[in-house]
Each structure stands twice: as structure tokens, then as C-alpha cells.
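S.K.: Need a 3D model of the following:
(one chain, ligands or ions: 3)
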Amino acid sequence: MRIALAQMDVTAGNPEKNVEKMIAMMDDARSKGAELVVFPELCVGGYFVGDRWLEDDWLNELLYYNGVILQHARGICVVYGNVAVDFDKRGRDGRCTKYNAAYVVKDGRLFWEAKTLLPNYRIFDDQRYFTPRQTGRRQLFDVAGRDMGVIVCEDMWSNDYDSDPVIELIEQGADFIVCISASPWTYGKNYARDKQISILERKAGKLIPFYYVNNVGVQNNGKNIITFDGDTAVYADGERLHGYDLAPYEEGIIYVDDDNFNKAGERRLPSRIEQKYNAIIRGIRGFDEMMGDWRPNFVIGLSGGVDSSLVAVLMTRALGKERIFTYNLPSVYNSSATRSSARKLADRLGVCFKDIAIQELVELNREVLKKSGLVPGALAEENIQAKIRGTSILSNLAAMHNGLMTNNGNKLEIALGYATLYGDVNGAIAPIGDLTKDEVFEMCKWINSDEELVPSELLPDDRYNFEIAPSAELKENQRDPMKFGYHDRLIEHLMDYRKKSPEHFMEWYLEGKDSFCEKMGISEDIFMLYELDKPDVFVSDLEWFVSTMRRSIFKRIQAPPVILLSRTAFGYDLRESQFPWMPTRRYLELRERVIKSAGAY
Ligand SMILES: Nc1ncnc2c1ncn2[C@@H]1O[C@H](COP(=O)(O)OP(=O)(O)OC[C@H]2O[C@@H]([n+]3cccc(C(=O)O)c3)[C@H](O)[C@@H]2O)[C@@H](O)[C@H]1O
Ligand SMILES: Nc1ncnc2c1ncn2[C@@H]1O[C@H](COP(=O)(O)OP(=O)(O)OP(=O)(O)O)[C@@H](O)[C@H]1O
Ligand SMILES: NC(=O)CC[C@H](N)C(=O)O
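M.R.: Ligands and ions are numbered 1, 2, ... in the order given. Okay, the predicted model is just below:
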């Protein structure tokens, strides 16, 4: 049997475009002699469409396309994802019953099987919208004399659930399984999938071919831009066959002859930083495509620091230099070093660059504010500059360029709210919002390994010595308060899917330096660099970090969408309620023990 695995680029909210593409792919599959063509989960209308799932008209629109697909599926069996609806079965809230379904078109008839396991963790909201498949025997579909079982994405991630769709299908006699998915890319997921399928089949005690079809493209949930790299795959004998791998994010059809598997090839995943770079580039392009017919220009406040420099590189690489407009907006506190670094970067990228001094506006603003009879405190005074840049200048320039402005904050800054509300907390997209500062440096170095773009003066050595150190440059001799290389690890641990808390860090600390460094993921050198051997330094820094992080939630609420790269990105991947940090009693106990441990290092 010849099978076509259609790794299609799904546009959320545009069933007409998606189905047109499906028809073209079906035609291609038929012309190449395939007996079965498989498309991804919810490929008709998209997976992340928010509460449109609650609109009957949207559901009817999607169901209309089942008829269109049925009409075009002559001579080939088609598996694809769409919603299935029981309009007669309504809840007390008046909403109809919906299933996230795998449809099978066979011999002119339409069948469907609902998704059993509905994820409701992280960014996934399946349980908000869909009803799970009820128990009972699963359907098997005869395709070219083989019994096919179908499942939908989370159905293969059965570890934490009571039922196990893959095992049930194998026990019921399936000869092969197709899994249709809408599985976002985050770092590390590619290997996790391979491992999961192997575990399941071994658990069932029978190895049958498993075809995994995931979409490519970019969707969003309002607060995150979510990329799909595809990673559509063929598994036989419990192992992935790499001869079929498509490049990440590439739309295409994989043809498989199940009596002659191609067992050549090996996994070729780029480095972690390159994978994240690819996801950001794809995320920016996808965000741009989300604007519909509008191709906005992008305005970037180029401070000469490393964050806005990296954003300028990424935006230019993703969209081309013609649509990028950079502005350096110095006040009296900006050094000639950062000003020339901004110009150097813009020259290297070939993007439009202008500098507009803001000091005059700062003075005027002060004068006007004086009329209130109040005098701004030191911090308010600093923030005036950021607000003039963001609100008075960049937002207006964005409008004048018929475009949008970027938000250049990294994950560590976003965590600590180290940015000014209505100043640089603004913009349409946060391209590096899910990169720690360490990853910002690493990505710049990786980009520069081909050709120096980001001025090397901005990049640290192993002990975080800089020629131009990170600074907001809002007052004299200002330096970013972060402990680079250590706070990056803190934020990773605090935000990881298996969240760690301050209590964990205290426990690790009490286990001694070696254990602390190993579990935290830092070198002894970094430990000593920040004098973490002094318990009072360790404790006060940790308390500053966690309380500042909680105190700045209000800024994240107003911040633009972040491109999702890790297993927990700010946005809807982390649900935060506003209230201050309160130490637990256990924390206070541990704290006392840590303070008493002075001298132990
Ligand atoms: N719950 C809440 N909901 C909505 N708004 C709330 C709020 N709580 C306070 N606020 C408002 O927020 C204001 C305080 O926030 P905000 O104005 O942001 O100011 P704030 O957080 O006090 O200061 C900003 C910090 O970020 C640093 N910064 C600024 C710009 C760029 C960079 C950089 O390097 O990237 C760093 C700057 O040096 C300073 O340390 C308050 O005056 C209050 O009006
Ligand atoms: N002198 C400036 N000219 C233009 N834009 C600026 C200037 N200073 C700040 N901005 C804008 O505000 C954002 C935050 O600025 P700031 O330099 O304070 O922080 P940062 O996080 O260290 O960023 P960067 O590494 O880009 O400097 C910048 O990314 C930039 O877009
Ligand atoms: N669509 C889904 O069910 C997504 C959840 C799933 N665990 C994933 O691979 O991302």
C-alpha cells in the first residue's frame, strides 16, 4: 500500500484556503498512486481559534467543508481532522456538543472517530471546547486489505490518563495506526515523540507501523505565537525511520510504501539555539501572515544594546530589510558607544536607520509635569525617557510607517518587569520574549559565527565581562541588576513545566555547593562570581528575584504576544494571578537553616 502523509501548512480561521490546499494534495497523492492520504488534526479550520469553537455559525462553516472533501476524495481514502457536532445535544449553558474528530472518507462515505484524551494543560484548552470519545470498541477501517486505526494527537500521550487509545487499537487488531496532530514545536519535543511511540508499542507487546502527521505553520492564542514544525514521521518496528523526515516547518507530502520501508537516514536536528532561531524566524513570518492582506512595516527602537540588536537581525532575516525601520533615540544618558553600536548594526543589516534626540522632549515633559505641583521621584524621572521613546516617538513612527513596533524584552526582563509600563512594555510582537538573556547572547554568537552582525562589544566572555555592559541608560552609570548566568537558570527552574519553587533552591543550597551548582545548572565559577557562598547574599537575592517577579505581573498582562519556544513561555502558557509573594512557613524554616549555614562553604 502507498500512503501519503500530508504535512500541510494550516491557516487558522481560513477553511476555504485549507481545503483548497487539501484538494491539491489529494490530487497529488492520487496521481502518485497513493491509496491513503492523511492530513493533520483540525486542519480544516485550525487548532488555536479560541472561543470561535463556541459559535454555531463557525461550526456550520467547518462542517460544510466535509461535503467538499467528500466530493473530491474519489478513488482514495482520506483521513483528516475537523470538528464533529451534535447540535441537538446541548448543555445547560445552551452550547452544543463538539468533538475534536478524525474523519475518514472511504468509498464515498464519511466516518469519524473522536479524540479520546483532551489536553487542558499549558496552552491547550481542548476540554473547554470538546467532549471526549465515549468508551467502547474503536472503529477499524479497511484500507487496501489492512485494518487502520485512527487517533488524534494527545491520544498518543496517554501516560497520565486512564485509557490508552494506542494499546486499545493494537489489542483490537489494528494493522497500522495513523495519528493526526496539531502539536506545537517547543524545544525537546521532537525526541519526546519518538520515545513515546516506541514506549507505547513495546507496552502493547506488538510493533505495528505508526504514521504520525503534524501540521506546519503558525497559529496564536492571543498572548502566544505558536509555531508548528511538522516532524511528520513513519515508525516501524517501534523505531522512527529517518529516511522520510522533511525539513522543519516545510510543507510537503511524504510517500511511504508499507511493503518496502526506507530504513536509511538518521536524525538531523540542528543545535538547540538554531532550532530556537528557526522557530523565531517562522514565528515572525507567521505573525506577519496573520495580518491578512496588510503587510505592515516594523519599527524598532535600536538602543545599541544586545536585545534590540538581536530583534533587528531576526526581523530583517524574517521579513527583509525594506520593511524594517530602526531608530536610535538618545537622551543625555546614552553613551557614544551604544549610539555607534546601533548605527553599526543598522549599516550591517542595510536597514533604514535614523537618530532622533529626545532630550528636548524630556525637558518639555518635565516642565509640563511640574504644573501638577509635584516633582517626579528618581525612578519616575528615569521612566519618563522610556515613555517618551515608546509612546511619544516609536508608537507614532509605527503609525507613520503604516506599521507596527516590536517589543524587545527577553524572558529575564519580562520575568522581573525590568522595563517601563507604557514605555518599552508595548509593541505588537515580542520575538525574543521566550529567550533568557544567556540565550540572547548565545544566539547572537551563533549568528555572528557566519558573519559578525551583532557588534561583538555587546557580547560577554565566560565571566560576563563586557566591553559595553547591558544597561537601560536611563541614569548615570546604570547597570542591569541581573546576575547573568545564574538568574537565567532561576527563571528556567521557576518556569519549567515541572516547576521548582524557592523552597527547592533552599534545599539544594543546604545540600552543599556541589549539589547546588549541579542541580541549578551553574558552574562553581558563577557561584563564586556572585558570592553565592555567602548565605545572606544568596537569600536576599532569591527573595528579591521571586518577589520582583510576582510584583511585575501587571506589566505582563499588558504585554504583547511572545513567540513560544520553551515548555513555559510568558503569555497563556503561564497563568498568573496578581498578588505579592508570601513566603511559606516551610520557606521560612529553610531560610533560617540557610542563614545559619554561614561559613559552611
Ligand atoms: N497592578 C498594577 N496595574 C497597572 N499598573 C500598575 C500596577 N501597579 C503599578 N502600576 C503602575 O506602574 C508604574 C510602575 O511601573 P513602571 O512605570 O514600569 O516603573 P518601575 O517598574 O517602577 O520601573 C521600571 C524599571 O525598569 C527599568 N527599565 C526601564 C526601561 C528599560 C529597561 C531595560 O533595560 O530594558 C529597564 C528601569 O530602570 C526601572 O528600574 C506605577 O507608577 C504605577 O502607575
Ligand atoms: N537610546 C535608545 N534608542 C532607541 N531605542 C531605545 C533606546 N533606549 C531604549 N530603547 C528601546 O527600549 C528598549 C529597552 O531599552 P533598554 O536599552 O533600556 O533595554 P535593554 O533590554 O538593555 O535592551 P537593549 O539590549 O536593546 O538595550 C530597547 O530594546 C529599545 O527598543
Ligand atoms: N493537539 C494536541 O492534543 C496537543 C497536545 C500534545 N501533547 C502535543 O503534542 O503537543
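S.K.: What average pLDDT does the helix or strand containing Phe298 get?
M.R.: Using DSSP states H and E, Phe298 falls within strand 297-301. Across strand 297-301, the average pLDDT comes to 98.
S.K.: chain center to that strand, what's the gap?
M.R.: Offset of strand 297-301 from its chain centre (CA atoms, centre = their mean, to the nearest Å): 22 Å.
S.K.: neighbouring strands for that strand, and are they parallel or not?
M.R.: Strand 297-301 sits in its sheet next to strand 324-328 (parallel), strand 403-405 (parallel), going by DSSP bridges.
S.K.: Would you mind pulling the contact partners of the shortest one?
M.R.: To tie it back to what came earlier, the one meant is strand 403-405. 296-301, 323, 325, 390, 394-395, 397-398, 426-429 (CB atoms under 8 Å, 6 or more residues apart in numbering). For every residue, glycine as well, the C-beta is placed using N, CA and C.
S.K.: So which of these reach ligand 2?
M.R.: Filtering the contacts of strand 403-405 for proximity to ligand 2 (criterion: CB under 6 Å from any ligand atom) leaves Gly301.
S.K.: for stretch 392-412, which positions count as buried?
M.R.: 393-395, 397-398, 401, 403-412 (16 or more other CB atoms under 10 Å).
S.K.: and Gly599, what pLDDT?
M.R.: pLDDT recorded at Gly599 is 67.
S.K.: do Ala472 as well
M.R.: 77.
S.K.: since we're on it, how many residues are nearby?
M.R.: By other CB atoms under 10 Å, the residues close to Ala472 number 22.
S.K.: Contact partners for it?
M.R.: Counted by CB under 8 Å, 6+ apart, Ala472 has contacts Glu382, Ala386, Tyr418, Gln478, Asp480.
S.K.: So the last one lies in a strand, does it not?
M.R.: No. The assignment for Asp480 by DSSP: H, G, I helix; E, B strand; the rest coil gives coil, which leaves it out of any strand.
S.K.: what about it, distance to Ala469?
M.R.: Using CB to CB, to the nearest Å, Asp480 is found at 7 Å from Ala469.
S.K.: residue boundaries of the strands in the stretch 1-150 of the chain?
M.R.: Listed in chain order, the strands of the stretch 1-150 of the chain (DSSP state E, counting those that start in this stretch) span 2-7, 36-38, 77-90, 96-106, 109-114, 141-143, 146-152.
S.K.: now for the longest one, which elements pack on it?
M.R.: Here strand 77-90 is seen to pack against strand 36-38, helix 56-72, strand 96-106, strand 146-152, strand 176-181 when contacts are counted using 3 or more CB pairs under 8 Å, 6 or more residues apart in numbering; DSSP states H and E.
S.K.: Throw those into CSV and include mean pLDDT, distance to Asn215 and mean neighbour count, thanks.
M.R.: Shown next, in CSV, are the helices and strands packed on strand 77-90 (pLDDT from 0 to 100; distance: least, CB to CB, whole Å; neighbours: other CB atoms under 10 Å):
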stretch, mean pLDDT, distance to Asn215, mean neighbour count
strand 36-38, 98, 11, 28
helix 56-72, 98, 16, 15
strand 96-106, 98, 14, 22
strand 146-152, 98, 13, 24
strand 176-181, 98, 7, 26
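S.K.: sorry, back to before: filter the buried residues of stretch 392-412 down to the ones in strands?
M.R.: The strands, defined by DSSP state E, take in Gly403, Leu404, Met405 from the buried residues of stretch 392-412.
S.K.: circling back: ok, which of the helices and strands packed on strand 77-90 comes nearest Glu543?
M.R.: Closest to Glu543 of the helices and strands packed on strand 77-90, according to CB to CB: strand 176-181, at 42.4 Å.
S.K.: Next, the angle from that closest one to strand 146-152.
M.R.: 20 degrees (axes from the mean of the first three to the mean of the last three CA atoms, to 10 degrees).
S.K.: And the contacts of strand 176-181?
M.R.: Contacts of strand 176-181 (CB under 8 Å, 6+ apart): 36, 38-41, 43, 79-81, 102, 146-153, 155-156, 166, 169-170, 208-215, 258.
S.K.: now do stretch 128-136
M.R.: 53-54, 83, 97-100, 113-118, 120, 163.
S.K.: Return the member of those nearest to ligand 1.
M.R.: Asn120 (27.9 Å; CB to the nearest ligand atom).
S.K.: Report how many residues lie close to the closest one.
M.R.: If we define neighbours as other CB under 10 Å, then Asn120 has 10 of them.
S.K.: Quote the end-to-end distance of stretch 430-441.
M.R.: Terminal residues of stretch 430-441 lie 17 Å apart, using CA to CA, to the nearest Å.
S.K.: quick check, the lowest-mean-pLDDT helix or strand in the chain touching ligand 3?
M.R.: Lowest on mean pLDDT, DSSP states H and E among the helices and strands of the chain sits helix 189-204, with a mean of 88. No. Counting by CB under 6 Å from any ligand atom, ligand 3 has no neighbours in helix 189-204; the shortest distance is 6.6 Å.
S.K.: Quick check, pLDDT for the nearest residue to Gly145 once chain neighbours are set aside.
M.R.: Excluding the flanking residues, the one nearest Gly145 by CB to CB, 6 or more residues apart in numbering is Met1, at 7.9 Å. Looking at Met1, its pLDDT stands at 96.
S.K.: show me what contacts Met1?
M.R.: Counting by CB under 8 Å, 6+ apart, Met1 has contacts Glu35, Leu36, Val143, Ala144, Gly145, Arg146, Asp257, Asp258, Asp259.
S.K.: check contacts around the fourth one.
M.R.: Spelled out, it's Ala144. Met1, Glu35, Leu36.
S.K.: any chance of the residues you listed in TSV, with distance to Tyr464 too?
M.R.: Formatted as TSV, the contacts of Ala144 follow (distance: CB to CB, whole Å):
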residue	distance to Tyr464
Met1	58
Glu35	59
Leu36	55
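S.K.: of these, closest to ligand 2?
M.R.: Nearest member of the contacts of Ala144 to ligand 2, counting by CB to the nearest ligand atom, is Leu36, at 50.3 Å.
S.K.: got the contact list for the closest one?
M.R.: With CB under 8 Å, 6+ apart, Leu36 has these contacts: Met1, Arg2, Ile3, Ala4, Ile76, Cys77, Val78, Val79, Val143, Ala144, Met148, Val178.
S.K.: and the last one, what are its bridge partners?
M.R.: Read that as Val178. Val150, Tyr211.
S.K.: The third one too?
M.R.: According to DSSP bridges, the partner residues bridging Ile3 are Leu36, Val256.
S.K.: you'd agree it is up against Lys32?
M.R.: No. Look at Ile3 against Lys32 with CB atoms under 8 Å: they stay out of range, at 10.7 Å.
S.K.: the more surrounded of these two?
M.R.: Ile3 (27 against 12).
S.K.: Could you pull out the helices in the stretch 201-350 of the chain for me?
M.R.: 272-289, 306-319, 336-349 (DSSP state H, counting those that start in this stretch).
S.K.: Against which helices or strands is the longest one packed?
M.R.: Meaning helix 272-289. Counting by 3+ CB pairs under 8 Å, 6+ apart, helix 272-289 packs on strand 216-220, strand 224-229, helix 306-319, helix 437-448, strand 562-563.
S.K.: Go through the ones you listed and name the closest to ligand 3.
M.R.: Taking these one by one with CB to the nearest ligand atom, strand 224-229 is closest: 9.4 Å.
S.K.: got the CA coordinates for the helix or strand harbouring Met528 in CSV?
M.R.: Element membership for Met528, per DSSP H and E: helix 524-529. Provided in CSV are the C-alpha atoms of helix 524-529 (Å, rounded to 0.1, in the frame of the first residue of the first chain):
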residue,chain,number,x,y,z
GLU,A,524,31.4,26.8,40.6
ASP,A,525,32.9,29.9,38.9
ILE,A,526,29.5,31.5,38.5
PHE,A,527,28.6,30.5,42.1
MET,A,528,31.7,32.4,43.4
LEU,A,529,31.4,35.2,40.9
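S.K.: buried stuff in whatever helix or strand comes next after that helix?
M.R.: Once helix 524-529 ends, the next helix or strand along the chain (criterion: DSSP H and E) is helix 535-551. By 16+ other CB under 10 Å, the buried positions in helix 535-551 come out as Pro535, Phe538, Val539, Asp541, Leu542, Phe545, Val546, Met549, Arg550.
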